[in-house]
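1. I would like to see how this sequence folds:
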Amino acid sequence: MTSSLVVHKSRSFELVSSARMVFVSRNALAVVPITALLAHAARPVLARTTVSLPALCSIPTQSRALSFAMSDSSSTGPARPAPSTPEFLQDRLSTLLASPHIHFNHPPALGGIRLGHGPVDLFSTRFMNYFTPDATGVVAGKQVDHEGLKNALLALQKKWDGQNANFVAQEAAAKPTTRLLWAQRGTGTQADVTAAAEVKEHEGAPKISHLVLDGDESLFSA
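-> Residues are numbered from 1 along each chain as shown. So this is what the prediction gives:
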């Protein structure tokens with residue numbers, strides 16, 4: 001982390017950090033790296049009415065500092081699959097089905113959000129993040145609404161075993177489509193489900209607006 005000095009006409013100084021977003025008032029003339037300023041300590045830096053620091057005060061320097069401060073550290077992580085690919089749907093479904101679900105007897109009154117201490121319903125939280133509020137679907141040939149889609153996935157989760165599951169991308173499909181193949185939890189019975197999704201942008205993020213789950217009807221019932 002490097003530090004900088006904001007040089008004002010009033011000859012006052014303010015120590016700032018380049019790792020934070022810096023808001024420079026209109027009276028400030030430039031952001032000066034402190035190390036460079038110390039190197040020029042023997043020279044007169046401030047004049048009574050003007051400041052001339054061509055080597056130290058540049059717009060590119062200030063822009064780079066602000067860009068660094070605003071950069072997202074998550075950009076260095078692994079790339080997310082594109083929403084138009086089967087891998088995107090595979091990532092969403094595998095993560096959702098592996099998420100613990102906690103049933104609360106009294107649903108929260110604040111738009112499905114619980115405040116304060118207590119257990120977290122990770123399944124419901126991710127379902128809300130992965131699907132649009134008006135998402136619908138077709139489950140084993142039957143039309144379902146947003147809540148019906150969630151219940152079908154919850155029922156599927158009870159038979160799901162991610163340890164031995166395989167996903168087979170259906171590259172030739174017109175929309176993101178994948179097959180889920182696994183041995184059901186408890187019974188070991190082989191299960192086969194084909195999932196196809198429609199994805200759209202919602203509140204700045206890609207979310208599933210329609211999901212088709214094709215498989216044995218018993219997989220989607222409690």
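2. Tell me the bridge partners for Gln143.
-> Applying DSSP bridges to Gln143 gives these bridge partners: Val138.
3. Is it in contact with Thr136, as I believe?
-> Yes: using C-beta atoms under 8 Å, Gln143 makes contact with Thr136 at a distance of 7.1 Å. (Glycine included, C-beta is placed from N, CA and C.)
4. The two: who's more crowded?
-> More crowded of Gln143 and Thr136, by other C-beta atoms under 10 Å: Thr136, with 16 against 9.
5. Assign that one to helix, strand or coil.
-> Under DSSP: H, G, I helix; E, B strand; the rest coil, Thr136 falls in the strand class.
6. Do a quick rundown of the strands in the chain.
-> For the chain, the strands defined by DSSP state E cover 3-8, 13-17, 28-33, 131-139, 142-144, 166-169, 177-183, 190-202, 205-214.
7. what's the least confident stretch among these?
-> Lowest mean pLDDT of the strands of the chain: strand 13-17, a mean of 39.
8. per-residue confidence for Thr76?
-> pLDDT, Thr76: 50.
9. what does Leu115 give?
-> Note on Leu115: pLDDT of 56.
10. again with Val120
-> Looking at Val120, its pLDDT stands at 73.
11. can the strands of the chain go into a markdown table with extra columns for distance to Ala155?
-> Converted to a markdown table, these look like this (distance: least, C-beta to C-beta, whole Å):
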| stretch | distance to Ala155 |
| --- | --- |
| strand 3-8 | 57 |
| strand 13-17 | 52 |
| strand 28-33 | 58 |
| strand 131-139 | 9 |
| strand 142-144 | 11 |
| strand 166-169 | 20 |
| strand 177-183 | 14 |
| strand 190-202 | 12 |
| strand 205-214 | 10 |
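12. Identify whichever of those lies nearest to Ser94.
-> Of all those, strand 166-169 sits nearest to Ser94, with 7.2 Å by C-beta to C-beta.
13. circling back: right, so of the strands of the chain, which gets closest to Ser124?
-> strand 131-139 (10.9 Å).
14. re the thing from before, which one of the strands of the chain lies nearest to Ala222?
-> Closest approach to Ala222 among those (C-beta to C-beta): strand 131-139, 12.9 Å.
15. which residues are contacting the closest one?
-> For strand 131-139, contacts defined as C-beta atoms under 8 Å, 6 or more residues apart in numbering pick out 143-146, 148-150, 152, 200, 202, 207-214, 220.
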